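> pasting the sequence and the predicted model now:
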Amino acid sequence: MLNSQRFSRYFGVVTVVCITSLLVSIGGCSTSQTPDSSSPSPEAPSSDLPSPDNAVEPKQPETSTNTTNRTLAEVKQYEDVPQVFQGVWQADLEQCSSQASETRLEIGSQQIQFYESQGPIKEVVSDGKTTLKVKVELSGEGETWLTEREFQLSEDQNTLTAIDGNNALVRYRCS
């Protein structure tokens, strides 16, 4: 169990209040508490902690909830990949005519094809404009695996960035 008094010594009361509020708002906290024998009792607070009487709870900006809800509302599941993401993409525009390029990516309405793997898209989540996340069952070199891929489309819809963990590969739309 997290000892909030010990935690607040290191990170401050405001941080503890913010984290606690966040966890409660997303349902990550239980209202029941298990006593922790190593923590000081509530009757003997540490002298270096502010008392609950003078602790100030930070006011959350009203727009944060609205922005979060609006963003979540814009992202939804699709049956097919939105048209703006479909097409042939290459890291080097001079390679657009080559089927054998290692950075070639072809996105269809229900299938994705890389240089050495391809497969049907099982799930599509997108905002319909710039963000695309897919679960795809790829096959290649005699093996099949389920993977998730994320793509970010530029506003001019000519640059697609494939995001894989901390790696990103920029590809350009082939005409």
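Now that the structure is in, tell me what you want to look at.

> these two touch, right, residue 136 and residue 145?
No. If you go by Cβ atoms under 8 Å, residue 136 and residue 145 don't touch, sitting 9.4 Å apart. The C-beta positions use only the backbone N, C-alpha and C, and glycine is treated the same way.

> ranges for the strands of the protein?
With DSSP state E as the criterion, the chain has strands at 76-78, 87-90, 105-107, 111-113, 118-126, 131-140, 143-153, 159-164, 167-173.

> for stretch 93-110, how far is the first residue from the last?
24 Å (Cα to Cα, to the nearest Å).

> repeat for stretch 88-99
Using Cα to Cα, the end-to-end distance of stretch 88-99 comes to 10 Å.

> tell me the buried residues in it?
88, 89, 90, 95 (16 or more other Cβ atoms under 10 Å).

> just to revisit the earlier point, turn the strands of the chain into JSON lines, including distance to residue 99 and mean pLDDT.
As requested, those are exported to JSON lines (distance: least, Cβ to Cβ, whole Å; pLDDT from 0 to 100):
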{"stretch": "strand 76-78", "distance to residue 99": "27", "mean pLDDT": "88"}
{"stretch": "strand 87-90", "distance to residue 99": "10", "mean pLDDT": "97"}
{"stretch": "strand 105-107", "distance to residue 99": "9", "mean pLDDT": "97"}
{"stretch": "strand 111-113", "distance to residue 99": "10", "mean pLDDT": "97"}
{"stretch": "strand 118-126", "distance to residue 99": "12", "mean pLDDT": "96"}
{"stretch": "strand 131-140", "distance to residue 99": "15", "mean pLDDT": "96"}
{"stretch": "strand 143-153", "distance to residue 99": "21", "mean pLDDT": "96"}
{"stretch": "strand 159-164", "distance to residue 99": "18", "mean pLDDT": "95"}
{"stretch": "strand 167-173", "distance to residue 99": "15", "mean pLDDT": "96"}
